[in-house]
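>>> any chance you could fold what I've pasted below:
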Amino acid sequence: MYRIAIVLALFITSHLQAQTSYETQMNKAFELWGQGQVTEASNLFERIANAEKDNWLPAYYAAQVLVLDGYSKLNQKETLDAQLKKAQTILDQASSRSHNNAEIMVLQATLYTVYVASDGVTYGMTLSVKVASLYAKALELAPENPRVVLGKAEWDMGTAKYFGKDTKPFCAQIEKSLELFTNFKPESAFHPNWGKERAEQLTKDCKEN
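This is a model prediction of the structure:
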């Protein structure tokens, strides 16, 4: 009985230390990202992902850092292409760890959107269909997820604007996402919880236009 208690205590201690290390490293990666150190943040998230082989979150963030930074490199074709290819590889890793994950689908749609924004002639026809399909599937899986509702509404609004159609109908969906953000509770401190500020800005733009 004494030996079992020791083994159990050692197991719990080891688990807590691993958890503490994971949390420390994740917080450090977010800190680097907040400081604008994109490469360093993504690399650290990726190292965490390699250690946490059953956890999709580090790989998700390693890819997200690169994807969102892609918007600042729309005119740097070769650099952007290399960055998005790396992001795709990491995002595939996240997908393999968590199937049918609406959060990952939103990020995948965002990655494709960066491609379209960088070169609509080359990527518009093929990737626009994929983006719309991803948002439709994500909405089916997680209709109450605010990032899904917001992402789909913003994509649809952008598409309508491109074709010279009225964008007002999508304002209601953006406002709906804002309501969902108010009540949304992430599963953990590290689960996706972003997007509310964007929803607020788009809602403001809708009311002003």
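>>> show me where this protein has its helices.
With helices called from DSSP state H, the chain shows them at 2-34, 38-51, 57-69, 77-97, 102-118, 120-141, 146-162, 171-183, 196-208.
>>> out of those, deepest packed?
Of all the helices of the chain, helix 57-69 carries the top mean neighbour count, a mean of 25, counting by mean count of other Cβ atoms under 10 Å. For glycine as for every other residue, the C-beta is placed from the backbone atoms N, C-alpha and C.
>>> starting at the chain centroid, how far to that helix?
7 Å (Cα atoms, centre = their mean, to the nearest Å).
>>> cool, stretch 31-39 as well?
For stretch 31-39, the distance to the chain centre is 16 Å (Cα atoms, centre = their mean).
>>> now the terminal residues of it, how far apart.
Stretch 31-39 has an end-to-end distance of 13 Å (criterion: Cα to Cα, to the nearest Å).
>>> contact partners of that stretch?
40, 41, 44, 61, 65, 66, 69 (Cβ atoms under 8 Å, 6 or more residues apart in numbering).
>>> excluding chain neighbours, what is closest to the fifth one?
Spatially, and ignoring its direct neighbours in sequence, residue 65 is nearest to residue 42 (4.2 Å; Cβ to Cβ, 6 or more residues apart in numbering).
>>> check what pLDDT that neighbour gets.
pLDDT for residue 42: 98.
>>> correct me, but it touches residue 62?
Yes: Residue 42 is within contact range of residue 62, at 4.9 Å (criterion: Cβ atoms under 8 Å).
>>> which residues are common contacts for these two?
The contact lists of residue 42 and residue 62 share residue 90, where a contact means Cβ under 8 Å, 6+ apart.
>>> so what's residue 175 up against?
Counting by Cβ under 8 Å, 6+ apart, residue 175 makes contact with 203, 206.
>>> ends of stretch 134-151, how far apart?
End-to-end distance (Cα to Cα), stretch 134-151: 10 Å.
>>> so for it, mean pLDDT?
For stretch 134-151, the mean pLDDT works out to 97.
>>> now the two most distant members of the contacts of stretch 31-39.
44 and 69 (14.6 Å; Cβ to Cβ).
>>> circling back to that earlier point, in a markdown table: the helices of the chain, plus distance to residue 190.
What follows is the helices of the chain, written out as a markdown table (distance: least, Cβ to Cβ, whole Å):
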| stretch | distance to residue 190 |
| --- | --- |
| helix 2-34 | 6 |
| helix 38-51 | 10 |
| helix 57-69 | 5 |
| helix 77-97 | 13 |
| helix 102-118 | 12 |
| helix 120-141 | 20 |
| helix 146-162 | 15 |
| helix 171-183 | 18 |
| helix 196-208 | 17 |
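>>> minimum distance to residue 189: which of those has it?
Here helix 2-34 is closest among the helices of the chain (Cβ to Cβ), at 7.8 Å.
>>> pLDDT below threshold where in this structure?
1-19 (pLDDT under 70).
>>> at 50 what do you get?
Along the chain, segments meeting pLDDT under 50 span 1-18.
>>> so residue 103 touches residue 60, yeah?
Yes: assessed by Cβ under 8 Å, residue 103 is found in contact with residue 60 at 6.9 Å.
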